[in-house]
Every structure is written in C-alpha cells, then in structure tokens.
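Undergrad: just a sequence and a predicted model for now, questions to come.
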Amino acid sequence: MAARIDHLVTSGTFSLDGGTWDVDNNVWIVGDDHDVIVIDAAHDADAIAAAVGDRRLAAIVCTHAHDDHIDAAPALAERTGAKILLHPDDMELWKRTHPDRAPDGPLTDGETLTVGGVELTVLHTPGHAPGAVCLHAPALSTVFTGDTLFAGGPGATGRSFSDFPTIVRSIQDRLLTLPAETEVRTGHGDSTTIGAESGHVQEWIDRGH
C-alpha cells in the first residue's frame, strides 16, 4: 500500500517569555494503511489518535519543543505506545512544558526514519529553536519544516532560544538546496515549495527580525 500524508489542524495556545497566544497547528501523519508517524502532536491527543485510527503509531516526531508542538505528545504516547523523539538541543524547552516526562529518544542530524516504505531524513535546522529539525521525504517530494520555514519566510526569532542569522543560515544551507519542486509542509498555515521561497532570501535578510 502506497505511503501518503494525512493532515489535520488542531487549536490551542503557545506560551513563551510571559505571553500566551491562540494558535492553529498543522499535524502531519505520514505512512501507509498499517504504520505511521505523527509529526508534531499539537493540542489534541484525541483528534490525532482518531486520525491515526487503527494504524500502528511508530513514533511521535517533534520538529522542536515549543509547547504548542509538544503539549499532546505524552498523552498520545501513553495511549498508543509510540516513542517521542526530539533533538537533544531542545531539552531545556521541553522541560518547561513536561518537566516530569522526558522524550524516549533523540533525533540526530542525518538519521533516517522509515515508515510505510518511505524514508524521512532528519535535518537539524536551528534558529527558531536550538533543536529545531526538518524532515525530508524525497519519495513524497516533501519536506516537513515545523516552524523553520513558512510560506513567505523564516519562522519567528524574536523570543528566547531563537536567533535570526542562525535560522537564515539553516534555511540556506539545509532547505534551499533541496529540489525546487519540493513541497514545504509547515507547522502553521499554508504549504509552499522550495522554489517559491528560494528567491526571497535577501528580502528576509534585509527585513531582519
């Protein structure tokens, strides 16, 4: 059975540096009729579990550890038995949301996750958060970028643990080198393509934060 990408949007809040904002998050489910992974278990474990259905959830992959991307991860893991995977550089952020529940394993740059016959390569792309990662699935002509790259530019870098020159370097070195037709499936909002974003780097730099 061919692998596919399922998508749902969940709603909740994002809190950091003393502020709280209402947000809608993209949750991506990648796999086939038997095995899947969830990319970013945001807000609603029940809705995500319903979307997974009777398929085996092999892993819950966190693109980074801002609370809106990980708040439902432990509950989803508890009900499915799936392991939570996070880049170690985001452990300090993780502990702010889940001080009593550590992730089950690390994500490392260059490692490959395989589900439903599809390989996803982990790309460490710091800037929005120290341990931010993207997941490149060449067979699906897709990269899952979390909050590193959006339609229209880089993710926000105006809060703690973030850095604008770092995120631009990550996008230039790790993402814009991918094929132009690669679909960019983001952590919030609409998808885009690498080609659509690649001509705007200087505008981002000039715009700064």
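TA: That came through, no problem. Computed from a predicted model, the values in this text were never measured in an experiment.
Undergrad: and the helices in this structure?
TA: Defined through DSSP state H, the helices belonging to the chain, from first to last, are 45-52, 67-70, 73-80, 91-97, 164-170, 194-198, 201-207.
Undergrad: any regions of the chain where pLDDT drops low?
TA: Flagging of the chain using pLDDT under 70 yields the residue ranges 1, 209.
Undergrad: and with 50 instead?
TA: Judged against pLDDT under 50, the low-scoring parts of the chain cover residues 209.
Undergrad: can you give me the strands for it?
TA: Counting by DSSP state E, the chain has these strands, from start to end: 4-16, 19-31, 35-39, 56-61, 83-86, 105-106, 112-115, 118-124, 133-137, 142-146, 149-150, 153-154, 183-186, 192-193.
Undergrad: just to revisit the earlier point, nearest to residue 17, out of the helices of the chain?
TA: Go through these one by one with CB to CB and the one that ends up closest to residue 17 is helix 91-97, at 10.8 Å. Just so you know, the C-beta spots here come from the backbone N, C-alpha and C atoms, and that holds for glycine as well.
Undergrad: elements contacting that closest one?
TA: If contacts are counted by 3 or more CB pairs under 8 Å, 6 or more residues apart in numbering; DSSP states H and E, helix 91-97 sits against helix 67-70.
Undergrad: export the helix it packs on to PDB, keeping only CA atoms.
TA: Taking C-alpha atoms only, helix 67-70 is exported to PDB below (Å, rounded to 0.1, in the frame of the first residue of the first chain):
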ATOM      1  CA  ASP A  67       4.700  24.000  23.900                       C
ATOM      2  CA  ASP A  68       2.200  24.200  21.100                       C
ATOM      3  CA  HIS A  69       4.000  21.500  19.100                       C
ATOM      4  CA  ILE A  70       4.500  19.000  22.000                       C
END
